[in-house]
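*Asks:* Quick one: sequence and predicted model below, then my questions.
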Number of protein chains: 2
Amino acid sequence: MSSRKPEAAPHLDLERFLPYRLSVLTNRVSNAIARDYNARFGLSVAEWRAMAVLGRFGSASATDICARTEMDKVTVSRAAKSLLSCKLVRSRTDPCDRRRTIYVLTAAGRKIHDRIVPVALSHETDLLDTLTPREGEQLSRLLDKLLRRTGANTG
Amino acid sequence: MSSRKPEAAPHLDLERFLPYRLSVLTNRVSNAIARDYNARFGLSVAEWRAMAVLGRFGSASATDICARTEMDKVTVSRAAKSLLSCKLVRSRTDPCDRRRTIYVLTAAGRKIHDRIVPVALSHETDLLDTLTPREGEQLSRLLDKLLRRTGANTG
DNA sequence: GTAGCTTCGTTACATCTGCAACGAATTCGG
DNA sequence: CCGAATTCGTTGCAGATGTAACGAAGCTAC
């Protein structure tokens, strides 16, 4: 009998394929959230993420926001531009390093921020409501593990 | 003492936020895979997904491919166009319903398909190698549960 | 049969996204 | 100090993606 096993039964069921399912799930969740933020606050996800960082840390440079959000610097730059034009954030040049721009929420920005946070959390809750508490913890743990592994990029 | 609890400590830690982590993980995985397919085979993920459906089911209309891949009909249309121009698929009008176009892999398409499948599976394996077998099953189960819940869209 | 609605797939347009190149500012080496 | 290399953030360009509008074909109901 041949000892040569065929390299692979060249068969792949998309519906069972993990990266595919991950992608579909994320698209559904992200789109739903993006539409909601946009409809309620006129914000993109990138803009909201930048605001979340500022809400959390008070102030941050564009580079800081990149690091905290894993967004591209171009994306951050454009989000910041848009937030400035809505007057939700204010910026000043970092006196210590004049290449840097430091962003802060304006009062209006803080207000919007505080209104979005519960909305964001409710989206998370929607997701978790599908699962038992135990499953929710599992999901969180698995995500952390996979994120740690996929490191900065490439996976 | 006030019995009025503030509606929410308006605080959100992006790094712990589930939809965010999901999004980051999926972007990493999808980008890595997209680059790989593109570098090795010159294919986009959309093109590959369409080929996967054809590889699995033999033939399919654009609408079928939409349903099987959850991709927009525009995306499918463009992927098909590109695959036609590479001669990886062939098309004919469905004689039973002349609005429909039926696609099939060409011999060349089948060959590429059979070469990609193991590559795709190895990406899945990379992901699973981070986890114990038990965790892999948990992940799969959680994804299914969440996908079922998020239904067609909106989450 | 034919008017009217629906479905299939394409194209036009707008948006988002990332890479590459750039000017400005800083840091490093001598 | 002064030139080279690096970092910060912007802009230009190309690719991907979705919505809206469309022509073509089919189906429904009279």
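*Replies:* It's in. Just so it is clear, the model here is predicted, and its values are computed rather than measured.

*Asks:* Could you confirm whether the helix or strand harbouring residue A:76 reaches DNA strand D?
*Replies:* When secondary structure is defined using DSSP states H and E, the element that contains residue A:76 is helix A:73-85. Yes - counting by C-beta under 7 Å from any atom of the strand, DNA strand D has neighbours in helix A:73-85: A:73-74, A:76-78, A:80-81. From N, CA and C alone the C-beta is placed, and that goes for glycine too.

*Asks:* same question, stretch A:49-64
*Replies:* Yes - interface with DNA strand D: stretch A:49-64 contributes A:61-63 (C-beta under 7 Å from any atom of the strand).

*Asks:* Could you look up the next helix or strand downstream of whichever strand or helix holds residue A:127?
*Replies:* Under DSSP H and E, the secondary-structure element containing residue A:127 is helix A:107-129. Next along the chain after helix A:107-129, taking DSSP H and E as the criterion, comes helix A:133-150.

*Asks:* re earlier: so how far is the helix holding residue A:127 from its chain's centroid?
*Replies:* Helix A:107-129 has its C-alpha centroid displaced from the chain centroid by 13 Å (C-alpha atoms, centre = their mean, to the nearest Å).

*Asks:* try stretch A:53-65
*Replies:* 14 Å.

*Asks:* Phi, psi for the closest residue to residue A:59 other than its chain neighbours please.
*Replies:* Excluding the flanking residues, the one nearest residue A:59 by C-beta to C-beta, 6 or more residues apart in numbering or on different chains is residue A:104, at 4.6 Å. Phi and psi for residue A:104, reported as degrees, to the nearest 10, are phi -140, psi 150.

*Asks:* for residue A:104, what are its contacts?
*Replies:* When contacts are counted by C-beta atoms under 8 Å, 6 or more residues apart in numbering or on different chains, residue A:104 touches A:54, A:58-59, A:89-91.

*Asks:* Output those in a markdown table; the columns should cover pLDDT, neighbour count and secondary structure.
*Replies:* Output for the contacts of residue A:104, formatted as a markdown table (pLDDT from 0 to 100; neighbours: other C-beta atoms under 10 Å in any protein chain shown; DSSP: H, G, I helix; E, B strand; the rest coil):
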| residue | pLDDT | neighbour count | secondary structure |
| --- | --- | --- | --- |
| A:54 | 96 | 27 | helix |
| A:58 | 94 | 9 | coil |
| A:59 | 95 | 16 | strand |
| A:89 | 97 | 24 | strand |
| A:90 | 96 | 16 | strand |
| A:91 | 96 | 16 | strand |
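
*Asks:* Out of the residues you listed, which comes closest to chain B?
*Replies:* Using C-beta to the nearest C-beta, residue A:54 comes nearest to chain B of these, at 11.0 Å.

*Asks:* which ones are touching that closest one?
*Replies:* Taking C-beta under 8 Å, 6+ apart, one finds A:60, A:65, A:89, A:103-105, A:109, A:113 in contact with residue A:54.

*Asks:* which residue packs closest to it, ignoring adjacent ones?
*Replies:* residue A:105 is the one closest to residue A:54 (C-beta to C-beta, 6+ apart), at 4.8 Å.

*Asks:* What count of nearby residues applies to that neighbour?
*Replies:* 22 (other C-beta atoms under 10 Å in any protein chain shown).

*Asks:* ok, now which ones touch it?
*Replies:* A:51, A:54-55, A:88-90, A:113.

*Asks:* redo that, cut-off 10 Å
*Replies:* Residues counted as contacts of residue A:105 (C-beta atoms under 10 Å, 6 or more residues apart in numbering or on different chains) are A:50-51, A:53-55, A:58-59, A:83, A:88-90, A:111-114.

*Asks:* Pull out whichever of the residues of helix A:73-85 next to DNA strand D are also neighbours of DNA strand C.
*Replies:* For DNA strand C, the contacts drawn from the residues of helix A:73-85 next to DNA strand D by C-beta under 7 Å from any atom of the strand are A:74, A:78.

*Asks:* Out of the residues of helix A:73-85 next to DNA strand D, grab the one that's most surrounded.
*Replies:* Of the residues of helix A:73-85 next to DNA strand D, with other C-beta under 10 Å as the count, residue A:76 tops at 26 neighbours.

*Asks:* Show me the shaky parts of chain A.
*Replies:* A:1-10, A:152-155 (pLDDT under 70).

*Asks:* what does it have sitting close to DNA strand D?
*Replies:* A:27, A:61-63, A:66, A:73-74, A:76-78, A:80-81, A:97, A:99-101.
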